[in-house]
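>>> sharing a model prediction with you, sequence too.
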Amino acid sequence: MTRGRTTSAAQHRLDLIAVVVAEPHADDPDADSTLSPEHVDIVGLCRDTPQSVAELSAELDLPIGVVRVLIGDLVDAEFVHVNRPVPPAELVDESILRDVINGLRAL
Amino acid sequence: MIFGRSERGKPPVEPVTLKILVAGGFGVGKTTLVGAVSEIRPLRTEELLTEAGRPVDDTSGVEGKRTTTVAMDFGRITLREDLVLYLFGTPGQERFWFMWDELSEGALGAVVLADTRRLEDCFAAVDYFERRSIPFLVGVNCFEGADRYPVEAIRQALDLDSDVPLLLCDARDRESVKETLIGVVQHAMAFQADRREAVTT
C-alpha cells in the first residue's frame, strides 16, 4: 500500500491531531490511476468534514505510520492539505483556552 | 466542465485542534474516562513497531516476530464547529514510552489517573510529565470499595509539587470528568502564564 515506504519525503511527521482537509477541486480522485483505494478513501472521508490523522487511522483501520505516508502522497498530488495544530505554548492569546473551558462547561 | 461542487455550499470549517493526554497505570480507567465525555465511542488507533522496538522489547523466543502493535484509545469533543478537543489514553506499558513522546508533543496538558489501591502505578507518569514540563494534574479515580484517603495523604505519597492540582474524580461520571478536564485547562493556562513571566523577567 505504501510500497515499502515508512516516511513521506515531503512531510514532516504529522501530528495525530493534524487535520486533513480535502481540496475543493479534488472531486474525482477515482479517476487518478496513481492512487490506491486507500488514498481515495482518505479523500472521501475528508471531503465533508476535515479529519484528524488519528481519526483516519481508526476509521480505515490502518496503522498511523501508513496513514501518514498516504496523506503525504495526497498532499504532493494536491488532493488534500494539512493543518498542523498550534502548540499550546504558541497560542498567543489565552482566549482559545477560555473558549475550551467554556465549551467544556456547556457540554 | 461540470460544477458539481458548487451546490454543496461553503467549504468545510477547518477546526483548531487541541489534545489532552490521559495517563496512568493499567486498568485505572483511562478509556472509561475518555468514553465518559467523548462524543464518539473511543476509537482505537494503532502503530506498528518494527526495529525501533528491538532494544527494549524482549523478543526472545519469538525472534521471528517482526512487528508489535501499540494501541491508543482516543475520543473527541467538538466544543465549537471550529474548536475540537481530542483526548488520548496513553499506552499503559512502560516500554511504549517513546509513543508518549510523540503524543505529548503539543499537548495542552495531561490527566494522570490514580487508583489509591495501586498508587505506585502512576509514579512513572507523574515523573514523565514533570521532567518534560507538561502541565498535568492528578485525578484520583474513586473506585467503589477502595478506601478513601485524605487528599493531603495522597499528595504526600506521590511526592507532588505543591502547584500540581490533585482532585478526586469518577472516571465513569461525565460531570466529574468535565470538571477534571476543566482543571487541566485552567492549570495549563496558569502554567503558561508563569512561563511567560519567567521568560520576560
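Alright, I've got the coordinates. Numbers count the residues shown, from 1 in each chain, chains lettered A, B, ... in the order given.

>>> which SSE is the nearest residue to residue B:154 once chain neighbours are set aside in?
Nearest non-adjacent residue to residue B:154, counting by Cβ to Cβ, 6 or more residues apart in numbering or on different chains: residue B:140, 6.0 Å away. Backbone N, C-alpha and C define where each C-beta goes, glycine included. Applying DSSP states H and E as the criterion places residue B:140 in strand B:136-141.

>>> rewinding a little: which residues does the residue nearest to residue B:154 contact?
Contact analysis of residue B:140 by Cβ atoms under 8 Å, 6 or more residues apart in numbering or on different chains lists B:113-116, B:151, B:154, B:166-169.

>>> and the strand holding residue B:140, how far out from the chain's middle?
The chain centroid and the centroid of strand B:136-141 are separated by 11 Å under Cα atoms, centre = their mean, to the nearest Å.

>>> for the record, mean pLDDT for it?
Taken as a whole, strand B:136-141 has a mean pLDDT of 96.

>>> count the residues that sit near residue A:4.
Residue A:4: 6 surrounding residues under other Cβ atoms under 10 Å in any protein chain shown.

>>> what do you get for residue B:184?
Residue B:184 has 25 neighbouring residues, counting by other Cβ under 10 Å.

>>> tell me which other helices or strands the helix or strand where residue B:21 lies touches.
Using DSSP H and E, residue B:21 maps to strand B:16-24. Packed against strand B:16-24, as judged by 3 or more Cβ pairs under 8 Å, 6 or more residues apart in numbering or on different chains; DSSP states H and E, are the following elements: helix A:95-106, helix B:30-37, strand B:83-89, helix B:97-104, strand B:109-114, helix B:123-131, helix B:174-200.

>>> do the last one and chain A meet?
Yes - using Cβ under 8 Å from any Cβ of the partner chain, helix B:174-200 comes into contact with chain A via B:174, B:178, B:181-182, B:185-186, B:188-189, B:192-193, B:195.

>>> residue contacts, residue B:24?
Contacts for residue B:24 (Cβ under 8 Å, 6+ apart) come out as B:30, B:92, B:111-115, B:121-122, B:125, B:141.

>>> kindly recompute the last result at 7 Å.
Residue B:24 is in contact with B:30, B:112-114, B:121-122, B:125, counting by Cβ atoms under 7 Å, 6 or more residues apart in numbering or on different chains.

>>> with residue A:15 instead?
Residues counted as contacts of residue A:15 (Cβ under 7 Å, 6+ apart) are A:53, A:84-85, B:105-106.

>>> give me the phi and psi for it.
phi -70, psi 150 (degrees, to the nearest 10).

>>> what about the residue in chain A that chain B sits nearest to, distance to residue B:185?
When scored by Cβ to the nearest Cβ, chain A has residue A:103 as its residue closest to chain B, at 2.9 Å. Taking Cβ to Cβ, to the nearest Å as the measure, residue A:103 falls 10 Å from residue B:185.

>>> the two - which one has more neighbours?
residue B:185 (24 against 18).

>>> can you tell me if stretch A:79-99 touches chain B.
Yes - counting by Cβ under 7 Å from any Cβ of the partner chain, chain B is contacted by stretch A:79-99 at A:83, A:85-89, A:94, A:96-97, A:99.

>>> pLDDT-wise, what's the bottom of these?
The minimum pLDDT among the residues of stretch A:79-99 next to chain B falls on residue A:89, with 74.

>>> re earlier: is the nearest residue to the residue of chain A closest to chain B once chain neighbours are set aside part of a helix or strand, or is it coil?
Closest residue in space to residue A:103, ignoring its immediate chain neighbours: residue B:79 at 2.9 Å, by Cβ to Cβ, 6+ apart. Using DSSP: H, G, I helix; E, B strand; the rest coil, the structure places residue B:79 in strand.

>>> quick one: residue B:79 and residue A:100 touch, right?
Yes - under the criterion of Cβ atoms under 7 Å, residue B:79 makes contact with residue A:100 at 6.1 Å.

>>> shared neighbours of these two, anything?
Common contact partners of residue B:79 and residue A:100 (Cβ under 7 Å, 6+ apart): residue B:85.

>>> secondary structure element holding the residue sitting nearest the centre point of chain A?
Ranked by distance to the mean C-alpha position of chain A (Cα atoms, centre = their mean), the top residue is residue A:20 at 2.7 Å. Element membership of residue A:20, judged by DSSP H and E, is strand A:19-22.

>>> same question for that strand, mean pLDDT?
95.

>>> can you give the strand pairings for it, parallel or anti for each?
strand A:51-52 (antiparallel), strand A:80-83 (antiparallel) (DSSP bridges).
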